[in-house]
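*Asks:* following is a predicted model, sequence given first.
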Amino acid sequence: MKQFEIWWAKLPGPAGRRPVLLLSRNDAYKYLNKFIVAEITTTIRAIPVEVSLGRREGMASPCVANLDNVRTVAKVWLESKAGVLAQARHAEVKRAMGYALGWEELIEPGSDQL
């Protein structure tokens, strides 16, 4: 398991089985039993908190990682790796998280606003 991988997760209801984007730092997967993930959905609203995903990332159809829907999941809920987000796209996730949390410095790198 690594940050920015996509895994199938069996989440408690009502979410159920769905893909998630791993967000925890890489060394956390060796030591922790719970991780931070963003839920992936086929409901696409084209808003700044979404990161588009598709076949290149291992998804069967167009979908998005929604950074408004971040949660902690137990390691045992993660069933199988579905794909990975290319390194060149990691900044998109950080920017979307910046929008979700109102962190201007992640939205506009180099900004002096806090």
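*Replies:* Perfect, I can see it now. The model shown is predicted, which means the values in this text are computed figures rather than measured ones. Numbering: from 1, shown residues only.
*Asks:* partner strands of the lengthiest strand in the chain, with direction?
*Replies:* Determined from DSSP state E, the single longest strand within the chain is strand 63-74. With DSSP bridges as the test, strand 63-74 is paired with strand 34-41 (antiparallel), strand 50-53 (antiparallel).
*Asks:* just the buried residues of the first one, please?
*Replies:* Of the residues in strand 34-41, those with enough neighbours to count as buried (16 or more other CB atoms under 10 Å) are 35, 36, 37, 38, 39, 40, 41. C-beta: built from backbone N, CA, C; applies to glycine.
*Asks:* could you do stretch 7-25 as well?
*Replies:* Buried residues in stretch 7-25, counted by 16+ other CB under 10 Å: 7, 8, 9, 11, 19, 20, 21, 22, 23, 24.
*Asks:* how about these in CSV, adding distance to residue 52?
*Replies:* Output for the buried residues of stretch 7-25, formatted as CSV (distance: CB to CB, whole Å):
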residue, distance to residue 52
7, 18
8, 19
9, 20
11, 21
19, 13
20, 16
21, 12
22, 17
23, 17
24, 22
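*Asks:* out of those residues, which is nearest to residue 46?
*Replies:* residue 21 (17.7 Å; CB to CB).
*Asks:* which residues of this structure score low on pLDDT?
*Replies:* Filtered on pLDDT under 70, the chain yields the residue ranges 109-114.
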